[in-house]
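In: Give me coordinates for this.
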Amino acid sequence: MKDSLFRVVVTGDSLAQEAMEILSPKCQVEFAGAYPQPSILAQKLKEQKAHALILRTGKAPAEVIEASPNLKVIAKHGIGVDNIDVLTATALKIPVLVTASANYQSVAEHTLGLMLSLAKDIPWLDSRIRQGSWDKTQYRGVELYGKSLGLIGFGRIGRRVYELVMPLKMRVLVFDPFLSEENLPPGITRAQHLEELLKSADIVSLHCPLTEQTRHLIGKKELRMMKKRAWLINTARGEVVEEKALIEALKGCWIAAAGIDTFQKEPPEDLQSLCQAGKIVMTPHVAAATEEAFTRMGVEAAQNVLTILEGRKPERSCLANPEILEFG
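Out: Have a look, this model is predicted:
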């Protein structure tokens, strides 16, 4: 490898071939394995004198960000930056970039998939028929048609979920403190307060980032506000929901069901309690894990890395810490 190549460390075992084709002419790419311990990742960055970190899995606390004096950019292979110490990166003038438009379609489709799985009991019926049962005469599902859908957060993913359910004539409520009236599509009701949405929606779906303000946004108090027949869908971040409260809510029939893709700790510490709590469909944080999204995330992450390393200005929408760069 030539000394002139940029050195890029990736957490995970691979990137999409299209992403590697973008990086390989100008970069030496080293893979750190899936979910590396911060101390191991920091050592890897230090040894490689890395110019860039692409974070697919694992965390980037201060010790990782400070490990290489050459580090110029951190690119998230996705959109959530709760696993990155953005404050430390900002203090060191290191841009943190996300793949802003890569996975919203996949997550929105998965959200709809969880809703349909609950409505039609697809996982349960599949299990029953494999066991030899034929529940045709006893089973009754429900329709999504005409139900009230409450979206908490109305960024790219929330907006796409709204678009996907339009043919189902669902009544959509939105709670998003950062949403302006002019950016609200016609036919949507804007909830002024979270309580208003929780009390009104048949299905509550989470699409907000994990911040100090949204951590445990849905706890015992909020679950008590929901309709007894309501469902909770979480394809956002696990810690937005207080997991013990969710288990209690399902066991106590405060709500009717849940569709969960993200958990407080992954894999979940108390999986058995979740399984036995009530009607729940779970997937292992794979809402964004489609072939198409994997390729788009890899390509956008690679482009973000080269944008910074080659001295160009990134799109503001991709920056988690835009304050470190001048924008007109």
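
In: Please count neighbours and contacts with C-alpha atoms only from this point.
Out: OK.

In: mind listing the strands in the stretch 51-200 of the chain by residue range?
Out: Secondary structure of the stretch 51-200 of the chain by DSSP state E, counting those that start in this stretch: the strands cover 52-55, 73-76, 96-97, 148-152, 171-175, 189-190.

In: Pairing partners for the last one, with directions?
Out: Read it as strand 189-190. Strand pairing for strand 189-190, using DSSP bridges, gives strand 171-175 (parallel).

In: what does the partner strand contact?
Out: 146-154, 162, 187-194, 197, 201 (CA atoms under 8 Å, 6 or more residues apart in numbering).

In: Please list only the buried members of those.
Out: 148-154, 162, 190-191, 194, 197, 201 (16 or more other CA atoms under 10 Å).

In: picking up where we left off before, and the strands of the stretch 51-200 of the chain: which comes nearest residue 31?
Out: Among the strands of the stretch 51-200 of the chain, strand 52-55 comes nearest to residue 31, with 9.5 Å by CA to CA.

In: For the stretch 201-328 of the chain, which residues score under the pLDDT cut-off?
Out: In the predicted model, the stretch 201-328 of the chain carries pLDDT under 70 at residues 327-328.

In: mind listing the helices for it?
Out: Assigned helices in the stretch 201-328 of the chain, in chain order: 220-225, 243-251, 271-277, 291-309 (criterion: DSSP state H, counting those that start in this stretch).

In: quick check: domain ranges of this structure?
Out: 6-102+291-324, 104-282 (automatic domain parsing).

In: Point out the most buried one among those.
Out: When the domains of the chain are scored by mean count of other CA atoms under 10 Å, the highest mean neighbour count falls to domain 6-102+291-324 (a mean of 19).

In: distance between that one and the chain's centre?
Out: Put simply, domain 6-102+291-324 sits 17 Å off its chain's centre (CA atoms, centre = their mean, to the nearest Å).

In: Now the terminal residues of it, how far apart.
Out: Domain 6-102+291-324 has an end-to-end distance of 22 Å (CA to CA, to the nearest Å).

In: did I read that right, residue 19 in a strand?
Out: No. Read with DSSP: H, G, I helix; E, B strand; the rest coil, residue 19 is helix and lies in no strand.

In: so which of the helices of the stretch 201-328 of the chain comes closest to residue 5?
Out: Proximity to residue 5 (CA to CA) singles out helix 291-309 among the helices of the stretch 201-328 of the chain, at 10.6 Å.

In: Which strands or helices does that closest one pack on?
Out: Helix 291-309 is packed against helix 17-23, strand 52-55, strand 73-76, with contacts defined by 3 or more CA pairs under 8 Å, 6 or more residues apart in numbering; DSSP states H and E.
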